[in-house]
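[1] Sequence first, then the predicted structure:
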Amino acid sequence: EAARDVLERASDRGTNRLGVEAMSLLDAYGIPTPAGEVVDSPVDALDVAERIGDRVVMKIVSPDILHKSDIGGVKVGVPREEVYDAFEDLVARARNYQPDATILGVQVQEMVEMESGVETIVGTNRDPQFGPLVLFGLGGIFVEVMEDTAVRIAPLAESEARTMLDDIKAAPLLSGARGRDPVDKAAVAETLGRLAQLVTDFPAILELDVNPLVARPDGVQAVDLRLTVD
Ligand code: ADP
Ligand code: MG
């Protein structure tokens, strides 16, 4: 029902593109997300930051901005005393990029520990012939340049999800290359299964991307979200 609300709110706003404002979709399906909230004023941003931590991540939230970092719309490690100004700066950058952009606000998000992790991409889309598909790959050049992805038809049994991790060429990076600890593969597989369930339950979701899903030895966290609805 929480998931249904998120999708209905989007259609009320007359947009078919959603971003981090829809993170509760993932929460509703038991996919771990860092603490975060979308706010529409610098004062509220400060208020949320005080609850979340000494340093936070701040992101512009706009259906008209697909790649937030491309326009300087993501600030990582913002200390308390800079939260207020960071809010105004993010909005100014968005306005500068596209004066008539719809700006929903700014997300204030918990800092996620990336060093011990691997940035993965999990996503879904729809094939006219096969129906809902689930995709998995590693972030960075692996998906974009090497087109190194695994694809399955949803829904997805846990054991089937698990095979996706071994299917990509970059698989050794998940098993602890260069003296690192292996990531929690079961948590990644579980996330793939839960996403498959989400898109099976909601045919209106045409396309969805969690980029990155950070995979660490102690579990996963979905840091960013983007989706297109019918
Ligand atoms: P976009 O993909 O629209 O540019 P993201 O939300 O994916 O925006 O943020 C861009 C990058 O910033 C991420 O790939 C990640 O490296 C870093 N980042 C984003 N959110 C966090 C976070 N909560 N903690 C640590 N790093 C983050
Ligand atoms: Mg991203």
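    Sure thing, it's come through. Residues are numbered from 1 along each chain as shown. Ligands and ions are numbered 1, 2, ... in the order given.
[2] what helix or strand is Lys75 on?
    Assigned by DSSP states H and E, Lys75 belongs to strand 74-79.
[3] Mind giving me the packing neighbours of that strand?
    strand 55-61, helix 83-97 (3 or more Cβ pairs under 8 Å, 6 or more residues apart in numbering; DSSP states H and E). Bear in mind the C-beta positions are built from the backbone N, C-alpha and C, glycine included.
[4] tell me the domain boundaries of this protein?
    2-110, 118-229 (automatic domain parsing).
[5] returning to that earlier point: hmm, the strand holding Lys75 in reach of ligand 2?
    No: applying Cβ under 5 Å from the ion, one finds strand 74-79 out of contact with ligand 2, separated by at least 8.2 Å.
[6] Count the neighbours of the residue lying closest to Pro212 once chain neighbours are set aside for me.
    Nearest residue to Pro212 in three dimensions, chain neighbours excluded: Glu119, at 3.8 Å (Cβ to Cβ, 6 or more residues apart in numbering). Glu119: 16 surrounding residues under other Cβ atoms under 10 Å.
[7] what about Glu119, is that helix, strand or coil?
    Following DSSP: H, G, I helix; E, B strand; the rest coil, Glu119 is assigned to strand.
[8] other SSEs contacting the biggest helix by length in the chain?
    Using DSSP state H, we find that the single longest helix of the chain is helix 185-201. On a contact count with 3+ Cβ pairs under 8 Å, 6+ apart, helix 185-201 meets strand 118-127, strand 131-138, helix 158-167, strand 205-216, strand 219-222.
[9] The helix or strand just after the shortest one: how far from the chain's middle?
    Sequence order places strand 226-229 as the next helix or strand after strand 219-222, per DSSP H and E. Taking Cα atoms, centre = their mean, to the nearest Å, one finds the center of strand 226-229 at 11 Å from the center of the full chain.
[10] can I have strand 226-229 written out in CSV, keeping just the CAs?
    Below are the C-alpha coordinates for strand 226-229, written out as CSV (Å, rounded to 0.1, in the frame of the first residue of the first chain):
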residue,chain,number,x,y,z
ARG,A,226,15.3,6.4,-10.8
LEU,A,227,12.1,5.0,-12.4
THR,A,228,9.7,5.6,-15.2
VAL,A,229,6.1,4.8,-14.8
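[11] need the residues of the chain near ligand 2, please.
    So the chain meets ligand 2 at Asn211, Asp224 (Cβ under 5 Å from the ion).
[12] And the residue of the chain closest to ligand 2?
    Asp224 (3.5 Å; Cβ to the ion).
[13] Now do the contacts for that residue.
    Gly19, Val20, Lys59, Val210, Asn211, Pro212 (Cβ atoms under 8 Å, 6 or more residues apart in numbering).
[14] Near Asp218, how many other residues are there?
    13.
[15] okay, it: pLDDT?
    pLDDT for Asp218: 97.
[16] does the residue of the chain positioned farthest from its centre sit in a helix or strand, and which one?
    What lies farthest from the middle of the chain is Gly179; by Cα atoms, centre = their mean that is 27.5 Å. Gly179 is part of no helix or strand when elements are defined by DSSP H and E.
[17] quick one: buried residues of stretch 27-40?
    Residues Ala28, Tyr29, Ile31, Thr33, Pro34, Gly36, Glu37, Val38, Val39 are the ones in stretch 27-40 that count as buried (16 or more other Cβ atoms under 10 Å).
[18] Tell me which residues are up against it.
    2-3, 6, 20-21, 23, 26, 45, 47-48, 51-52, 61, 87, 104-112, 187, 191, 194-195, 197-198, 210, 219-223.
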